[in-house]
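K.L.:
Pasting the sequence and the predicted coordinates here, then a few questions.
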Amino acid sequence: MKAIKIPFQFSGGKTASTTSPSTIAEQKIVNVLVTNQFERVMRHRYGVGIQQFLFEPMDDLYMVDFKTDAIADIKSNVSRVEVMDIKISPTNAVAAYGNTDTTLGITIVYRLPLGSPQLVKFNIAVPGYLTEDTTI
């Protein structure tokens, strides 16, 4: 199976693509997680919207509820991948753009059929963070 490589780029005058099953699975998992519900036309239930964690207090009950829903959404939207766990790092452990309030580190533990567990890590950041002191 061949898929377009993300981030979108050109290689030798053609659209870059990949045939690695683990790369394709990782791209699909990240796509589902960063897409908000009602963002896709004709697929309003597609997506998890992990950006909401940037502005929510992280307590254990909310985290367990989110993980359960996110794993179910990934299972229904990504074929041939089993997500085993989702870990969200505290904002003070990862800091993009010099601001810990706007960055979130996510680690996904997943498994392909007949494969061993693998990790995909990515960060979500909001570079244009506005506060009451920001000049407009």
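P.N.:
Now that the structure is in, tell me what you want to look at. Residues are numbered from 1 along each chain as shown.
K.L.:
In this structure residue 66 contacts residue 59, no?
P.N.:
No. With contact defined as Cβ atoms under 8 Å, residue 66 does not count as touching residue 59 (10.6 Å). From N, CA and C alone the C-beta is placed, and that goes for glycine too.
K.L.:
Which of the two has more residues huddled nearby?
P.N.:
Using other Cβ atoms under 10 Å as the criterion, residue 66 and residue 59 rank with residue 66 on top: 19 against 9.
K.L.:
Can you pull the phi and psi angles for the nearest residue to the more buried one once chain neighbours are set aside?
P.N.:
Spatial nearest neighbour of residue 66, chain neighbours left out: residue 53 (7.5 Å); criterion: Cβ to Cβ, 6 or more residues apart in numbering. Note on residue 53: its backbone torsions stand at phi -70, psi -20 [degrees, to the nearest 10].
K.L.:
ok, how many other residues are close to residue 53?
P.N.:
Other residues within reach of residue 53 by the criterion other Cβ under 10 Å amount to 17.
K.L.:
same thing with residue 8?
P.N.:
Around residue 8 sit 8 other residues, with neighbours defined as other Cβ under 10 Å.
K.L.:
That one: what's it in contact with?
P.N.:
Going by Cβ atoms under 8 Å, 6 or more residues apart in numbering, residue 8 touches 15, 16.
K.L.:
need the longest helix for the protein.
P.N.:
Scanning the chain for the helix with the most residues, using DSSP state H, yields helix 60-77.
K.L.:
so what strands line up beside the helix or strand that comes right after it?
P.N.:
Next along the chain after helix 60-77, taking DSSP states H and E as the criterion, comes strand 82-89. Here strand 82-89 has these sheet partners by DSSP bridges: strand 103-111 (antiparallel).
K.L.:
tilt between the strand it pairs with and helix 60-77?
P.N.:
Note on geometry: by axes from the mean of the first three to the mean of the last three Cα atoms, to 10 degrees, strand 103-111 and helix 60-77 are set 50 degrees apart in direction.
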